[in-house]
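S.K.: Sequence and predicted structure below; questions after.
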Amino acid sequence: MFVSTVVARFALLMALLAAPLSAGAVLTLAEAERLALERAPGLERARATVAASADRVAYEGRLPDPQLTLGVINVPTDTYRLNQDDMTMRMIGVRQAFPPGDTLKLRTRRAEHELTREQARLEIERRGLLRQVRALWLDLYLANQALKILEASRQLARRDLEAAEGRYRAAQESQRTVFVARQVLARVNEREPMLRAQTERLRAQLQRFIGAAAQTPLAETPAVLPALPGDFDPTRHPEWLAAQAELETARTEVGLARQDYKPGVMLDLSYGARRPMPDGSERPDMVTAMVTFDLPIFRAKRQDRRLAEKQGLAAAAVFGTEEKRRELQSMYAAARAEHEAIGARLRILEEQLLPNIRRETEITLAGFAREQNLLREARLKEFDANLEVLRLRVELAKSQAELLYLTGEPQP
């Protein structure tokens with residue numbers, strides 16, 4: 001009778017673990033990822049920045065707009081009348097500036113590098129968003145499952161307490177057994193508030209990325225993440241690509257600084273309308289054309305210092321690119337080692353420790369243990385082992401999400 005009762009309790013535990021949270025819609029990890037990619041403000045900001053950089057490429061290499069000049073020349077200062085002197089002319093002209101050397105081509109190249117940088121940053125934002133959403137969803141999944149295991153533990157602890165109190169009243173059990181059963185139930189109840197608070201905190205954090213859908217019950221099936229690529233090349237990671245684009249931008253700035261040693265050109269073309277002569281005969285109108293050159297002769301205080309500045313920034317960008325490569329390589333090695341360690345520990349728990357704990361519980365249920373505290377300890381040990389296995393599975397998935405941030409996901 002006793003063995004059948006305990007078996008029924010374990011059947012209740014399995015039923016609780018398998019029961020769905022809601023008969024309606026559920027929030028899978030794939031759905032959370034889709035919603036985040038559609039709704040996250042940070043990703044939209046990055047997309048808008050890329051679009052703005054693309055527009056900059058279209059105009060950066062164009063000549064500056066021409067200027068229209070209007071005026072009068074040779075106005076007498078005694079009367080300031082425009083019809084007093086036949087030398088006074090009304091003038092209209094056009095002025096166009098031409099930047100020195102290859103400035104326009106280099107500006108276009110700089111804008112292209114900046115577009116490449118923003119595209120890389122968009123990919124960084126996308127990968128980082130997926131990493132955060134996956135971590136939050138997995139932590140929320142763990143907290144929900146832990147609450148279900150806790151509820152099953154509470155029911156068993158409550159029934160143990162009722163049984164202990166009944167045996168105590170029948171003088172078949174000591175009062176100490178009742179106290180121990182009450183302590184076990186209190187320890188189970190004590191863990192619930194923190195787990196529920198953790199669940200609400202995780203939902204609030206997830207709501208930042210996917211909105212009100214974060215309040216939807218989670219799917220019961222574990223998340224399946226994309227497989228990891230076999231190798232890792234840090235020079236293909238968007239963080240390195242962004243750093244490389246910064247380097248190319250800095251090198252282009254050096255080229256632009258060198259153009260300052262060359263003279264810029266300004267062309268002026270104007271047309272002057274003259275009044276007729278006093279006898280009524282027409283005077284010819286006047287056309288004026290001028291070319292203005294920059295004179296970069298004071299180089300030591302301006303061009304030389306600007307070139308030195310840009311060269312220094314380019315040298316710093318070289319070191320920054322190498323530092324980023326090493327950082328990514330180190331991050332991958334550390335994340336890979338952690339992933340493999342968690343996987344190895346999980347295999348030990350699933351293949352060695354958990355089967356032995358279950359076997360111990362079965363032996364205890366079969367009546368080989370006479371004391372009730374041994375049975376209680378065996379059940380609690382199995383609960384803790386199941387929870388630890390669940391926690392390690394979540395940690396393994398989170399470490400895989402971290403590696404996917406570094407390696408990228410296989411393209412379909």
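M.R.: Happy to help now that I have it.
S.K.: For the chain, just list every one of the helices.
M.R.: Listed in chain order, the helices of the chain (DSSP state H) span 2-18, 29-39, 41-60, 103-169, 175-210, 238-259, 303-348, 354-363, 372-407.
S.K.: To S281, which of those helices lies closest?
M.R.: Closest to S281 of the helices of the chain is helix 103-169 (Cβ to Cβ; 48.0 Å). Any C-beta I mention is one placed from the backbone N, CA and C, and that applies to glycine too.
S.K.: tell me the angle that closest one makes with helix 238-259.
M.R.: With axes from the mean of the first three to the mean of the last three Cα atoms, to 10 degrees defining the directions, helix 103-169 sits at 160 degrees from helix 238-259.
S.K.: what inclination does helix 103-169 have with respect to helix 41-60?
M.R.: Going by the same axes, to 10 degrees, helix 103-169 makes 180 degrees with helix 41-60.
S.K.: Quick check: which helices or strands does helix 103-169 pack against?
M.R.: Counting contacts by 3 or more Cβ pairs under 8 Å, 6 or more residues apart in numbering; DSSP states H and E, helix 103-169 packs against helix 2-18, helix 29-39, helix 41-60, helix 175-210, helix 238-259, helix 372-407.
S.K.: Make CSV from the helices of the chain and add mean pLDDT and mean neighbour count to it.
M.R.: Output for those, formatted as CSV (pLDDT from 0 to 100; neighbours: other Cβ atoms under 10 Å):
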stretch, mean pLDDT, mean neighbour count
helix 2-18, 39, 13
helix 29-39, 92, 18
helix 41-60, 93, 14
helix 103-169, 88, 19
helix 175-210, 83, 16
helix 238-259, 96, 21
helix 303-348, 95, 15
helix 354-363, 74, 15
helix 372-407, 83, 19
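S.K.: returning to what we had before: could you point out which of the helices and strands packed on helix 103-169 sits nearest K301?
M.R.: Closest approach to K301 among those (Cβ to Cβ): helix 238-259, 14.1 Å.
S.K.: now the closest one, how far from the chain's geometric center?
M.R.: 24 Å (Cα atoms, centre = their mean, to the nearest Å).
S.K.: Check which helices and strands it is in contact with.
M.R.: Helix 238-259 makes packing contacts with helix 103-169, helix 303-348 when contacts are defined by 3+ Cβ pairs under 8 Å, 6+ apart.
S.K.: Which residues does it contact?
M.R.: Under the criterion Cβ atoms under 8 Å, 6 or more residues apart in numbering, residues 99-103, 106-107, 109-110, 113-114, 116-117, 120-121, 123-124, 127, 234-235, 303, 306-307, 309-311, 313-314, 316-318, 320-321, 324-325, 328 lie in contact with helix 238-259.
S.K.: how about a cut-off of 7 Å?
M.R.: With Cβ atoms under 7 Å, 6 or more residues apart in numbering as the test, helix 238-259 has contacts from 100-103, 106, 109-110, 113-114, 116-117, 120-121, 123-124, 127, 234, 306-307, 310-311, 313-314, 317-318, 320-321, 324-325, 328.
S.K.: got it, and stretch 208-219?
M.R.: 21-22, 25-28, 32, 35-36, 39-40, 129, 132-133, 140-141, 144, 203, 206-207.
S.K.: ok, the closest residue in space to T235 that isn't next to it in sequence - contacts?
M.R.: Nearest-residue entry for T235: R325, 6.6 Å, with adjacent residues in sequence omitted and distances by Cβ to Cβ, 6 or more residues apart in numbering. By Cβ under 7 Å, 6+ apart, the contact set of R325 is P234, T235, W240.
S.K.: Out of the residues you listed, which comes closest to E382?
M.R.: P234 (44.0 Å).
S.K.: burial measure for that closest one, as a count.
M.R.: Residues lying near P234 (other Cβ atoms under 10 Å) number 18.
S.K.: Pretty sure it sits against S330.
M.R.: No - between P234 and S330 there is no contact under Cβ atoms under 7 Å: 9.4 Å.
S.K.: What separation do you get for R305 and L256?
M.R.: Computed with Cβ to Cβ, to the nearest Å, the distance linking R305 and L256 is 14 Å.
S.K.: hang on, the earlier thing: of all the helices and strands packed on helix 238-259, which one comes closest to L390?
M.R.: helix 103-169 (5.5 Å).
S.K.: now the closest one and helix 29-39, what's the angle there?
M.R.: Helix 103-169 runs at 140 degrees relative to helix 29-39, counting by the same axes, to 10 degrees.
S.K.: Compute the inter-axis angle for helix 103-169 and helix 175-210.
M.R.: Using the same axes, to 10 degrees, one finds that helix 103-169 and helix 175-210 are set 160 degrees apart in direction.
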